[in-house]
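Asks: Curious how this folds, go ahead:
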Amino acid sequence: MRNSDKLLIISISLLLVYFVVGILYPSLVSPFAVAYNILLDTSLVLGYSGALIISFIGNATILLPFPYIGVPFILGGLISEVTSAFVFDPWIIGLVAGFGAMLGEMTGYFIGYGGGHLIDQEQRNGFKEFIESHPKATPLVLWFLAATPIPDDILIVPLGAARYSWWKVAIPQFIGKTMFMMSIAWAGRIGLEFIGTLFGGTDPLSLLSRVIEVTVLLMVIISIYLLVRIDWSKLMTNAKSSDKL
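Replies: Numbers count the residues shown, from 1 in each chain. Alright, predicted model coming up:
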């Protein structure tokens with residue numbers, strides 16, 4: 001059995017245990033909800049630096065989805081009770097949060113760099129050969145993942161394992177994350193009050209919340225597993241055959 005298969009079985013088993021415990025003991029608060037509330041309170045006190053720190057933590061979590069984008073969203077639309085004016089600039093929030101998010105994602109790169117032995121040698125070589133054969137596509141994909149809510153780890157971790165240059169990962173990640181965070185901050189400036197009214201009553205202990213949380217976790221686990229299990233050597237062979245035709 002491959003290392004990736006073992007990790008998949010262990011991850012899904014732990015996820016199933018977590019879900020069952022949450023159902024049997026509904027009074028137990030989700031650790032994600034607790035962490036989010038604590039870090040949100042911290043960010044409101046720290047302001048711009050809080051946006052950077054929370055974005056770093058949110059993107060440094062491997063296989064664990066963390067709702068960090070709620071922080072720049074709220075900061076972007078936060079209004080002072082004293083002056084009735086917006087407290088923070090969405091452009092600056094996006095810049096510092098984007099930088100923090102990029103730094104957080106780089107932890108996944110270095111984890112892949114140091115833990116590449118967990119991925120089969122043939123898979124690593126095939127993936128490396130594939131990205132080297134498509135030098136223009138890789139930065140664009142990195143930028144696209146950074147500029148969207150799609151988990152970046154599904155690509156960044158294997159890039160680290162393949163010893164892809166770190167700065168080639170960091171630059172498109174910083175550009176994409178900054179664009180994404182700026183859009184989130186401006187969305188908060190425009191619609192924070194409406195969104196707060198719409199979702200303010202969501203119960204983090206409800207069955208629906210538990211199901212959504214576990215489903216997101218499962219999707220991230222499967223996404224990373226599928227990327228690791230892709231036969232990059234076969235893809236390279238097919239790509240070369242297509243080029244010859």
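
Asks: same for the longest helix belonging to the chain, what does it pack against?
Replies: With DSSP state H applied, the helix covering the greatest number of residues in the chain is identified as helix 166-199. Applying 3 or more C-beta pairs under 8 Å, 6 or more residues apart in numbering; DSSP states H and E, we find helix 166-199 packed against helix 48-60, helix 70-77, helix 90-114, helix 137-146, helix 153-161. C-beta: built from backbone N, CA, C; applies to glycine.

Asks: Among those, which comes closest to residue 183?
Replies: Ranking the helices and strands packed on helix 166-199 by proximity to residue 183 (C-beta to C-beta) places helix 90-114 first, at 7.5 Å.

Asks: same for that closest one, what does it pack against?
Replies: Packed against helix 90-114, as judged by 3+ C-beta pairs under 8 Å, 6+ apart, are the following elements: helix 48-60, helix 70-77, helix 137-146, helix 153-161, helix 166-199.

Asks: that older thread, could you dump the helices and strands packed on helix 166-199 into JSON lines with mean pLDDT added?
Replies: Formatted as JSON lines, the entries for these read as follows, by pLDDT from 0 to 100:
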{"stretch": "helix 48-60", "mean pLDDT": "89"}
{"stretch": "helix 70-77", "mean pLDDT": "85"}
{"stretch": "helix 90-114", "mean pLDDT": "93"}
{"stretch": "helix 137-146", "mean pLDDT": "90"}
{"stretch": "helix 153-161", "mean pLDDT": "84"}
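
Asks: what sits against the closest residue to residue 112 other than its chain neighbours?
Replies: Among residues not flanking residue 112 along the chain, residue 160 sits closest, at 2.8 Å (C-beta to C-beta, 6 or more residues apart in numbering). Contacts for residue 160 were tallied using C-beta atoms under 8 Å, 6 or more residues apart in numbering; they are 108, 109, 110, 111, 112, 113, 114, 116, 169.

Asks: Could you check how far residue 160 is from residue 189?
Replies: 35 Å (C-beta to C-beta, to the nearest Å).

Asks: Check residue 211 too.
Replies: Here the criterion is C-beta to C-beta. By it, residue 211 lies 32 Å from residue 189.

Asks: Tell me which of the two has more neighbours.
Replies: Taking other C-beta atoms under 10 Å, residue 211 and residue 189 do not tie; residue 189 has more neighbours (19 against 13).

Asks: isn't the more buried one right up against residue 77?
Replies: Yes: counting by C-beta atoms under 8 Å, a contact exists between residue 189 and residue 77, whose distance comes to 5.0 Å.

Asks: shared neighbours, the two?
Replies: Both residue 189 and residue 77 are contacted by residue 86, under the criterion C-beta under 8 Å, 6+ apart.

Asks: rewinding a little: drop anything exposed from the contacts of residue 160.
Replies: 108, 109, 111, 112, 113, 116, 169 (16 or more other C-beta atoms under 10 Å).

Asks: contacting residues for residue 49?
Replies: When contacts are counted by C-beta under 8 Å, 6+ apart, residue 49 touches residue 96.

Asks: and with 6 Å instead?
Replies: By C-beta atoms under 6 Å, 6 or more residues apart in numbering, the contact set of residue 49 is empty.

Asks: What of residue 140?
Replies: When the contact criterion is C-beta under 6 Å, 6+ apart, residue 140 has no partners at all.

Asks: How about the one 5 residues further on?
Replies: The contact partners of residue 145, taken as C-beta under 6 Å, 6+ apart, are residue 152.

Asks: Residue 188 now?
Replies: Taking C-beta under 6 Å, 6+ apart as the definition of contact, the neighbours of residue 188 are 73, 74, 76, 77.

Asks: again, 10 Å this time
Replies: 69-78, 86, 88, 90, 93, 195-196 (C-beta atoms under 10 Å, 6 or more residues apart in numbering).
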